[in-house]
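*Asks:* this one's structure only:
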């Protein structure tokens with residue numbers, strides 16, 4: 001009971017402190033227990049405070065990241081839209097993933113995730129207002145391997161005006177649904193970390209100009 005009370009107190013303190021601090025002071029803090037909604041809420045708050053937007057390209061998660069993002073009130077101020085490119089040809093046609101890359105490596109590859117992230121930034125841009133962030137996910141949820149990759153293999157890509165990066169291969173254990181859920185949580189966590197890092201860099205640059 002005492003441990004649970006301490007955990008709840010830390011969570012409440014974290015929420016209240018985030019409301020009091022300025023955008024430039026936001027730092028990524030790992031909580032002892034988090035849900036997907038907790039992380040998605042942080043992402044939306046940070047995007048809104050920074051005046052930034054996100055587009056999402058999903059494969060194995062089949063819209064799970066978009067569902068998590070849009071479950072947060074006020075998400076429309078930051079979420080532009082996305083693509084569920086479950087079929088391989090859609091990755092090429094809609095997200096401009098390189099066909100030679102797919103032929104050479106298959107779709108379960110870090111560069112595919114990165115190109116998906118870049119592609120979704122482009123297609124969700126409108127009115128001369130570029131989408132700030134793009135997320136791409138590709139992997140094997142199961143129940144059988146794909147492209148000689150075992151079940152649970154996942155790559156996550158992230159694109160922004162600063163460039164692009166990818167993470168993986170993750171090897172998430174469990175059932176098909178558990179792999180997909182782990183991917184959603186990891187993708188949102190990576191975006192949250194990137195948002196915090198970008199905002200902290202901006203704060204440091206502003207202080208240097210003073």
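*Replies:* Perfect, thanks for sending it. A quick note: this is a predicted structure, and the numbers were derived from the prediction, not measured.
*Asks:* can you pull out the strands in the chain?
*Replies:* 54-58, 79-84, 133-139, 153-160, 163-171 (DSSP state E).
*Asks:* Neighbours of residue 61, how many?
*Replies:* Residues near residue 61, counting by other CB atoms under 10 Å, number 28. Backbone N, C-alpha and C define where each C-beta goes, glycine included.
*Asks:* So it versus residue 77, what's the distance?
*Replies:* Distance, residue 61 to residue 77, using CB to CB, to the nearest Å: 23 Å.
*Asks:* just residue 54 next, same as before
*Replies:* 11 Å.
*Asks:* And the helix of greatest length in the chain, what's buried?
*Replies:* Secondary structure assigned by DSSP state H gives helix 176-209 as the longest helix of the chain. Neighbour-count burial for helix 176-209 flags 179-192, 194-196, 198-199 (criterion: 16 or more other CB atoms under 10 Å).
*Asks:* Stretch 157-175 too?
*Replies:* By neighbour count on 16+ other CB under 10 Å, the buried set for stretch 157-175 is 157, 158, 159, 160, 164, 165, 166, 167, 168, 169, 172.
*Asks:* Show residues contacting it.
*Replies:* Residues outside stretch 157-175 that contact it (CB atoms under 8 Å, 6 or more residues apart in numbering) are 108, 110-118, 120-121, 130, 132-139, 142, 149-150, 152-156, 178-179, 182-183, 186, 190-191, 194, 198.
*Asks:* Weed out the non-buried ones from those.
*Replies:* By 16+ other CB under 10 Å, the contacts of stretch 157-175 give 108, 110-118, 120-121, 132-139, 142, 149, 152-156, 179, 182-183, 186, 190-191, 194, 198 as buried.
*Asks:* Redo the strands of the chain as CSV? Include distance to residue 41 and mean pLDDT.
*Replies:* Below are the strands of the chain laid out as CSV (distance: least, CB to CB, whole Å; pLDDT from 0 to 100):
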stretch, distance to residue 41, mean pLDDT
strand 54-58, 14, 98
strand 79-84, 13, 98
strand 133-139, 16, 98
strand 153-160, 19, 98
strand 163-171, 22, 97
